[in-house]
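Student: Fold the following for me, if possible:
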Amino acid sequence: MLRILVIADDILARTGLVALLESATDCEVVGQVSAGPSLADDVNVYGPDVLLADLGWAPETMLGPLSALSALAELQTPLVALLADESAAAAVLRTLAAFDVYGLLLRDSGPEILFSAMQAAAAGLVSLDPSLVADLLQPATPDADTGMEPLTSRENEVLQGLAQGLTNKAIALQLGITDHTVKFHVNAIMGKLGAQSRTEAVVLATRVGLIVL
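Tutor: Below is the predicted model:
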């Protein structure tokens, strides 16, 4: 049974998501809260397997929820976020990049996609709405392929772990280094590739031939 904590400032959104989730037989809504200053405490109290966060009806409503969610990264609880449209995806991905495991879907995603994303997050997998993946896979501009600072050997090893969908903890165990060191290398990789998220880093690295298949 998947334990889910629903996070949304809009009470109608919370009610709708709870009703949708309660129709499923393999998940349990353990609580519903707003994205306020006590959010981290709420997560600790409810102890969910996955967080489901609605970011509002429009991009301008996301600043508060995103700020609150960013404080949850250290709790290592998988997060699936719902956003209004693709225009705000880059800002959201910058926040989600701090999480080891996350999902990002559009608010109009159907129940089956929503459930699948939460199950994937609980299993340690990152999931993105297909429209967001298509955007990341747009052909690179010429400038994107030139002048990139080379990755170090350790950064290359971490990159291969990212390509396998491993969490920071799993990569640290595989390489015999600390979680903190892996996070440092992930940030360095994203900076060198000009990526906004772990997923985009893997996509860009594949396009320039850095991923070993």
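Student: Not including adjacent chain positions, what is the nearest residue to the most centrally placed residue in the chain?
Tutor: For the chain, the residue nearest the mean C-alpha position is Tyr102 (2.9 Å; Cα atoms, centre = their mean). Leaving aside its chain neighbours, Tyr102 sits nearest to Leu96 (4.4 Å; criterion: Cβ to Cβ, 6 or more residues apart in numbering). Every C-beta, even on glycine, is put in place using the N, C-alpha and C of the backbone.
Student: List the residues that contact that neighbour.
Tutor: By Cβ atoms under 8 Å, 6 or more residues apart in numbering, the contact list for Leu96 reads Leu79, Ala81, Tyr102, Leu104, Ser197.
Student: returning to that earlier point: residues contacting the residue nearest to the centre of the chain?
Tutor: Pro78, Leu79, Val80, Ala81, Leu96, Ala121, Val126.
Student: go on, Leu151?
Tutor: Taking Cβ under 8 Å, 6+ apart, we find Leu151 in contact with Leu159, Ile189, Lys192, Leu210.
Student: now the residues you listed in a markdown table, with distance to Phe115 and neighbour count?
Tutor: Below are the contacts of Leu151 laid out as a markdown table (distance: Cβ to Cβ, whole Å; neighbours: other Cβ atoms under 10 Å):
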| residue | distance to Phe115 | neighbour count |
| --- | --- | --- |
| Leu159 | 31 | 25 |
| Ile189 | 31 | 23 |
| Lys192 | 36 | 19 |
| Leu210 | 34 | 21 |
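Student: between these, which is nearest Gly165?
Tutor: For these, the minimum distance to Gly165 (Cβ to Cβ) is 12.4 Å, reached by Leu159.
Student: I'd say that closest one and Ile189 touch.
Tutor: Yes: counting by Cβ atoms under 8 Å, Leu159 touches Ile189, with 5.6 Å between them.
Student: joint contacts of these two?
Tutor: Leu151, Ala201, Ala205.
Student: and which of the residues you listed is nearest Arg3?
Tutor: Ala201 (30.2 Å).
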